[in-house]
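Engineer: Predicted model, plus sequence, below.
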Amino acid sequence: MKKIILFDGTCNFCNNSVQFIIKRDKDDVFSFASLQSNVGKAYLERFKIQDDIDSIVYIEEDRAYIKSNAALRISRHLEGMWKLASVLTVVPRFVRDPIYDYVAKNRYKWFGRNDSCHIPSPEIRKKFLD
């Protein structure tokens, strides 16, 4: 079963993060959808996550993860040294999540945003859910 990553499609940082993940997803385990898409909205509703969430959402084995838990679970499946980031799960969430929240709060200011979702190339498009 594919692992699903929901992301803010208008956020430059989030779009760059998706591209980063795609390049390191050599086993092709991830599928993607923007939080703004119909698919993204359906997953948010399914997992009872507020639609104004300020986090990436990672869905694996019929369970949804947000914030630092999502990022660290994603890192387990990436190629190279990025797998090692998953050891940070030993750090309690009450320490990790405020750092995540700080970046999330400032991501538009630091990295900018688009008025619409990025359109991926045809070869990458197959990784996105409609």
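Structural biologist: Noted; the coordinates are in hand.

Engineer: By residue count, which helix of this protein is the longest?
Structural biologist: Looking across the chain with DSSP state H, the single longest helix is helix 93-111.

Engineer: Could you pull out the buried residues of that one?
Structural biologist: Applying a neighbour-count criterion of 16 or more other CB atoms under 10 Å, one finds R96, D97, Y100, A104, R107 buried in helix 93-111. For every residue, glycine as well, the C-beta is placed using N, CA and C.

Engineer: any idea which of those residues is the one closest to S86?
Structural biologist: Proximity of the buried residues of helix 93-111 to S86 (CB to CB) peaks at R96, which lies at 12.1 Å.

Engineer: For the closest one, which non-adjacent residue is closest in space?
Structural biologist: Among residues not flanking R96 along the chain, S68 sits closest, at 3.7 Å (CB to CB, 6 or more residues apart in numbering).

Engineer: on that earlier part again, with pLDDT and distance to F7 as extra columns, can I get the buried residues of helix 93-111 in CSV?
Structural biologist: Output for the buried residues of helix 93-111, formatted as CSV (pLDDT from 0 to 100; distance: CB to CB, whole Å):
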residue, pLDDT, distance to F7
R96, 93, 19
D97, 93, 18
Y100, 90, 14
A104, 87, 11
R107, 86, 11
